[in-house]
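what's the 3D shape of this:
(chains A and B)
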Amino acid sequence: MVSTRYEILDGLPSSGPVPRWIPDSWRRRGAEGVVLRFHPQQGPPWVGNFRPGMTHCTAVLPHPNGADLFVVAGGQPYVVNPESGAAHASRGVVVSALWPIEGSPDLLVERQGQEFFRLGRDGVAWHTRRLSWDGFEDVHVGANRVWGQAWSPANQAWHPFSVDLDTGRATGGAPGLPEPGHAGD
Amino acid sequence: MPETKPRMSRWGDLRSWAGAVGWGLTGVFVVSVVGQRAWPIELTTHFWPQLLILLSVGGLLAAAARLTLLAGLQGLAAVGLGAMVLGSGTPTGSAGQEQAITVFFANVERRNPQSHSLLERIRAADPDVIALAETDSVWLAALGDLRLDYPHQVARPRSDNFGIALLSRWPLEMGEVVEGGELRLPSIVARVDVRGSPWRVIVTHPIPPATPRSFSGRNSQLAWVADRLGATPMRTIVVGDLNGTRWSPYVRDLTSAAGLQPLGRGLRSLYTWPVGAPLLALQLDQCLVSHDVQGVEYRVLESIGSDHYPILCRVVDPSA
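Predicted coordinates for the structure are as follows:
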């Protein structure tokens, strides 16, 4: 478990070390995103200005690998090592929601209201096929499976789905969906 | 020679101001007491500590301005209100710790991303039971390895503001999410076995009474808690963001029907919401305990980035 302390700041600090723009290419915009100050166990504190995504989901969670933090900035996920300062954005992934998995440090991640993946120690353990056109409802995470309702605009209705938490194998979901999406990095 | 109107003296200014403000405050007091069961007048009952201060100051001003009748009325109102406000709440004291239970409660504010602050407060407080309101699935995930230290859990994450969770260091003899009241919002009813000693813990978070419908929804949820408790007498702790203070007649209905008493006495204990606006201080986050137990500690903790302060209460069974 990473024991590094962090704070989510209201904005870019007006004094102290220059913040890091994450990703670095975002520096050109000079914009303010989700600003975190990390207090590593060794070395001075550092501030990261994370480019936000397009959802309301903002959280800082322990990564299942026990060393990193899983930072979600407005839906855009990053894997951050607070000690070394390394930060990697997961391209093409928009996080809509997250769930803990019972008896495991792994996280169940809802991607863009369309599908799920399991984030484990070594990254994405599995990825479901696309299950919904636009969002999920009544999602329940049990010991072995996740189940809930997936939306279909074709008949304006919710359709039940179920996913095996060990394999990612899914049943049900909204009908008429295009081919599966792909996992981020 | 033109007639000049005499200028109002300072004394005249004081009299007219003291009179206007004093009669206004006295009117608010009368309406608040007489109409306290009606929406939205009930909302004024939450501000009785503030009204007590204003009536006391107003009474002194009226006396200084020689408005005898008004000063008397405000004095009487302040004495009556003071008896209710200052006399309420159970003082905490020391007792044997063997049969104690420590409960931490926080309304985390769903969109608040400062989960690290919550974890710090919990680790420092080292409670037996953690009760949380406004928890969505992200908040549950953010608890991280705290879930390993508190392996006995009941939770209903929700994407609105009514998710709820209970985590216990000790085994749960029973723990369930129950949807009570008109709006069927979730509460948790649990029996926690602390060192071989059972305690009933209820966590609840009714809707804020912002409209007549939500007012009715909140009141029905508080009444549902009272009904639930009435069935079996047992050492009981009710914690939650009640969206009502101890002076609300509906909270008082709950405490009297279920034989509960609010913990905490003193001004600081009366301020759990809204963080950063102490003039509007309300004690929405409460710990109500049954009469057969004794409060040892009730503390309002430092902010966790939410609009509510967390609270910590420690209770013992003196008969054990």
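
where does chain B have low pLDDT?
B:1-12, B:91-98, B:231-232 (pLDDT under 70).

Which residue ranges of it form helices?
B:10-34, B:42-45, B:48-64, B:68-87, B:115-125, B:137-142, B:146-149, B:212-230, B:249-258 (DSSP state H).

Residue numbers of chain B in contact with chain A?
B:111, B:113-116, B:120, B:136-138, B:140-145, B:147, B:157, B:159, B:305 (C-beta under 8 Å from any C-beta of the partner chain). Just so you know, the C-beta spots here come from the backbone N, C-alpha and C atoms, and that holds for glycine as well.

residues from chain A in reach of chain B?
Proximity of chain A to chain B is confined to A:1, A:5-8, A:34, A:56-62, A:72, A:97-100, A:105, A:107, A:139, A:141 under the rule C-beta under 8 Å from any C-beta.

I figured B:L55 hits B:L76, correct?
No - with contact defined as C-beta atoms under 8 Å, B:L55 does not reach B:L76; the gap is 9.4 Å.

one step back: out of the residues of chain A next to chain B, which are inside strands?
A:5-8, A:34, A:59-62, A:72, A:97-100, A:107, A:139, A:141 (DSSP state E).

how many other residues sit next to residue 58?
Since no chain was named, I'll use chain A. A:T58 has 22 neighbouring residues, counting by other C-beta atoms under 10 Å in any protein chain shown.

other chain: chain B
Number of residues near B:G58 (other C-beta under 10 Å) recorded here: 27.

Same check on B:T236?
B:T236 has 23 neighbouring residues, counting by other C-beta under 10 Å.

cool, B:A190 as well?
Using other C-beta under 10 Å: B:A190 sits among 23 other residues.

how much space between the closest residue to it other than its chain neighbours and B:L260?
Ranked by C-beta to C-beta, 6 or more residues apart in numbering or on different chains and with sequence neighbours excluded, the top spatial neighbour of B:A190 is B:G175, at 4.0 Å. Computed with C-beta to C-beta, to the nearest Å, the distance linking B:G175 and B:L260 is 20 Å.

Low-confidence ranges, chain A, go.
For chain A, the ranges with pLDDT under 70 are A:1-4, A:179-185.

can you rerun that using 90?
Counting by pLDDT under 90, chain A has low-confidence residues at A:1-8, A:10, A:15-18, A:24-31, A:41-42, A:54-56, A:90-92, A:102-103, A:142-143, A:176-185.

which residues sit in contact with the closest residue to B:R66 other than its chain neighbours?
Ranked by C-beta to C-beta, 6+ apart and with sequence neighbours excluded, the top spatial neighbour of B:R66 is B:R15, at 7.6 Å. Contact partners of B:R15, counting by C-beta atoms under 8 Å, 6 or more residues apart in numbering or on different chains, are B:65-67.

Do you have the helices of chain A handy? List them.
Under the criterion DSSP H, chain A contains no helices.

the more surrounded of B:L55 and B:L76?
Neighbour count, other C-beta under 10 Å: between B:L55 and B:L76, B:L55 has more, with 27 against 14.

For the nearest residue to the more buried one once chain neighbours are set aside, give me its contacts.
Spatially, and ignoring its direct neighbours in sequence, B:L55 is nearest to B:A78 (4.2 Å; C-beta to C-beta, 6+ apart). If you count contacts by C-beta under 8 Å, 6+ apart, B:A78 has them with B:52, B:55-56, B:59.

Out of those, which comes closest to chain A?
Taking C-beta to the nearest C-beta as the measure, chain A lies nearest B:L52 of the contacts of B:A78, at 35.0 Å.

That closest one and B:R200: what is the separation?
B:L52 is 34 Å from B:R200, by C-beta to C-beta.

now swap in A:G43 and tell me
To B:R200, A:G43 is 48 Å away according to C-beta to C-beta.

Which one's more surrounded, these two?
A direct count of neighbours by other C-beta under 10 Å for A:G43 and B:R200 places B:R200 higher, at 20 against 12.

show me the contacts for that one.
B:189-192, B:229, B:234-237.

cutoff 10 Å now
B:173-174, B:189-192, B:228-229, B:232-238, B:290 (C-beta atoms under 10 Å, 6 or more residues apart in numbering or on different chains).

out of those residues, which are inside strands?
B:173-174, B:189-192, B:236-238, B:290.

Of these, which is the most crowded?
B:V238 (28 neighbours).

That one against B:L229, yeah?
Yes - between B:V238 and B:L229 a contact is recorded at 7.4 Å, counting by C-beta atoms under 10 Å.

Please name the nearest non-neighbouring residue to B:R252.
Using C-beta to C-beta, 6+ apart, the closest residue to B:R252 is B:R246 (7.2 Å).

thought that neighbour was touching B:T45?
Yes - counting by C-beta under 10 Å, B:R246 touches B:T45, with 9.5 Å between them.

what's the most buried one of the helices of chain B?
helix B:137-142 (a mean of 24; mean count of other C-beta atoms under 10 Å in any protein chain shown).
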